[in-house]
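**Student:** Provided below for reference: sequence and predicted model.
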Amino acid sequence: MADEVKALFSGWMSDELRALPPDQQARVVRRVSLLERKGWSASVRSRDVVHLEDEIWELRVVGKGPAYRLLFFVVEGSVPRIVVLTGCVGKSVMKKPGLMALEVARAERRRREWLFTGKGSMRGDRTTAEMVAELSRDPEFAAAWALSQPKIAVAVNVSRLREERGLTQAQLAEAVGRKQPRIAEIERGDANPTLETLTRIALALRVPLAALFADAADAAVPARASARLAG
């Protein structure tokens, strides 16, 4: 499978996402955006994405705040597309195999229906950029999304630089005097690391501090996505 992937929020998932508070919407979209920017291989190695059964995979949103499991499948192509089918499932379901099995079955039914309707013709599907454009009409989401940009940049760059230097999360954590779960949080975009922690990470990776923030996504809503939704 190609390393580059693009995400699509199915109409079902788009509706579930709209029902969340703006700050939680931003958390969920941030995790999907991170998967796109990290690429498939890096996401599998760090266990950001996990295969459940048959065609269904999951992407977990954990950390501070409610926990969610986003269930998706992959449509192969020159640039594979992950189609998020369902999510916004709390910790109670995560701990109950029977309930989770029902969620997986629901995702599989939606996968078959999505494919039957013509691979993406289902009304209400959104790319990540289009989802951000729509949700950013709410000032609270727009503010939360803008605050997500440094987290996304740091997560992508720390993960990439660590792997380029052949370090595990545990080895990087030891080098900066932190615990491995803390590095995992940073690479998931779930942490608010202090300036001291970021400086220690930059020193351990032998890069300037600014390199951890390189290529931070512009918080502005993409014009093309806005135009499509307005039409």
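**Tutor:** Received the coordinates, thanks.
**Student:** quick check: longest helix of this protein.
**Tutor:** helix 139-164 (DSSP state H).
**Student:** average pLDDT across that one?
**Tutor:** Across helix 139-164, pLDDT averages out at 93.
**Student:** report pLDDT for the residue most central in space within the chain.
**Tutor:** Taking Cα atoms, centre = their mean as the criterion, Arg31 is the residue nearest the geometric centre of the chain, at 1.8 Å. Note on Arg31: pLDDT of 91.
**Student:** and it, that one's in a strand?
**Tutor:** No - using DSSP: H, G, I helix; E, B strand; the rest coil, the assignment for Arg31 is helix, not a strand.
**Student:** that one and Thr128: what is the separation?
**Tutor:** Distance, Arg31 to Thr128, using Cβ to Cβ, to the nearest Å: 11 Å. All C-beta atoms are positioned from the backbone trio N, CA, C, and that covers glycine.
**Student:** what of Arg188?
**Tutor:** Taking Cβ to Cβ as the measure, Arg188 falls 17 Å from Thr128.
**Student:** check Arg110 too.
**Tutor:** Between Arg110 and Thr128 the computed distance is 19 Å (Cβ to Cβ).
**Student:** now do the domain split for this structure, please.
**Tutor:** The chain breaks down by automatic domain parsing into domains covering 6-135, 139-213.
**Student:** would you map the helices across the protein?
**Tutor:** 11-18, 22-38, 40-45, 91-94, 97-116, 128-135, 139-164, 169-176, 180-188, 195-205, 223-230.
**Student:** ok, which of the ones you listed comes nearest Leu85?
**Tutor:** Leu85 lies closest to helix 97-116 among those, at 4.5 Å (Cβ to Cβ).
**Student:** so for that closest one, what gets flagged as buried?
**Tutor:** Residues of helix 97-116 classed as buried: Met100, Glu103, Val104, Ala107, Glu108, Arg110, Arg111, Trp114 (neighbour count, 16 or more other Cβ atoms under 10 Å).
**Student:** what's the answer for stretch 137-146, then?
**Tutor:** For stretch 137-146, a neighbour-count test (16+ other Cβ under 10 Å) marks Phe141, Ala142, Ala144, Trp145 as buried.
**Student:** next: stretch 152-170.
**Tutor:** Under the neighbour-count criterion of 16+ other Cβ under 10 Å, stretch 152-170 has 152-163, 167, 169 buried.
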